[in-house]
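Peer 1: here is my input; please provide its structure:
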Amino acid sequence: MNIEIERKFKITPKDLEIIRNKCKLVKKENIEDIYMDTKDYKLLLSANVCRIRNSNVEFKDRKSGNFAKEYSWKEAIEKLWEFWLKLSDLKEAFTINTDREEYKWELNWKKYVIDIDKHKYWERYEIEVEANSEEEGKLLIDEIIEDLWLEAEEHHLAQAKSLLYMKHEIPEVYKKIIKTPIEFKKMWWI
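Peer 2: Reported below is the predicted structural model:
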């Protein structure tokens, strides 16, 4: 079974130029992520995310890894029961709009995605691959970096963008997350 592996990197002028000149631009879009939660942020404080992206429901269940899985609305309602919640328990917690440029890079007859994301609190790019394991995914990303001659400086803000947003816009929730035990907190930095 393939899993999606991604790594985030700081945007440098050199890397930006390489990506824009060597990779194929697929699309430019604004991504609207509406984060849903209870009024007391039960999901976010347990390092889980329920978001609506472009009218699709996604969950990131931190216990099973930092992978966003898309659900139908019916499946989403069932997923909420895992957290002892109903759809009526949720409200819009916040919305994040990200400007994205999506590029494709071909290596060994396979196509890989490189996204450049910009928001008022961050600018970064990420390389995404599908692999059989996390280790295999990291090796593939290293190959892409080498093939493109990218500086690929790991982004110091590799935290989830929802966490970065909370740091600036709802610091009281961010501070509660930061005070959590270290094992739990690590899940947010993926």
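
Peer 1: need the helix or strand of this structure with the lowest average pLDDT.
Peer 2: Between all helices and strands in the chain, the lowest mean by mean pLDDT, DSSP states H and E belongs to helix 182-186, at a mean of 50.

Peer 1: check this structure for its longest helix and report it.
Peer 2: Ordering each helix of the chain by length in residues (DSSP state H) puts helix 134-148 first.

Peer 1: average pLDDT across that one?
Peer 2: Mean pLDDT, helix 134-148: 93.

Peer 1: in the very next helix or strand once past that helix, which residues are buried?
Peer 2: Using DSSP states H and E, the helix or strand that follows helix 134-148 in sequence is helix 161-169. Neighbour-count burial for helix 161-169 flags Lys161, Ser162, Leu163, Leu164, Tyr165, Met166, Lys167 (criterion: 16 or more other C-beta atoms under 10 Å). All C-beta atoms are positioned from the backbone trio N, CA, C, and that covers glycine.

Peer 1: next one: helix 161-169 to chain centre, how far?
Peer 2: When C-alpha coordinates are averaged (C-alpha atoms, centre = their mean, to the nearest Å), helix 161-169 and its chain have centres 13 Å apart.

Peer 1: show me what the following helix or strand past it is packed up against.
Peer 2: As assigned by DSSP H and E, the chain's next helix or strand after helix 161-169 is helix 171-178. Identification of packing neighbours for helix 171-178 by 3 or more C-beta pairs under 8 Å, 6 or more residues apart in numbering; DSSP states H and E yields helix 42-45, helix 161-169.

Peer 1: so which of the ones you listed gets nearest Arg100?
Peer 2: Taking C-beta to C-beta, helix 161-169 is the member of these nearest to Arg100, at 11.4 Å.

Peer 1: now that closest one against helix 171-178, angle please.
Peer 2: Computed by axes from the mean of the first three to the mean of the last three C-alpha atoms, to 10 degrees, the angle separating helix 161-169 from helix 171-178 equals 130 degrees.

Peer 1: over helix 161-169, what's the mean pLDDT, rounded is fine.
Peer 2: The average of the pLDDT scores along helix 161-169 is 87.

Peer 1: for that helix, packing partners?
Peer 2: Contacts defined by 3+ C-beta pairs under 8 Å, 6+ apart place helix 161-169 against strand 24-37, strand 91-107, strand 110-119, helix 171-178.

Peer 1: give me the angle between the second one and strand 110-119.
Peer 2: Here strand 91-107 runs at 140 degrees with respect to strand 110-119, directions being taken by the same axes, to 10 degrees.

Peer 1: name the helices or strands packed onto strand 91-107?
Peer 2: Strand 91-107 sits against helix 13-22, strand 24-37, strand 110-119, helix 134-148, helix 161-169, with contacts defined as 3+ C-beta pairs under 8 Å, 6+ apart.
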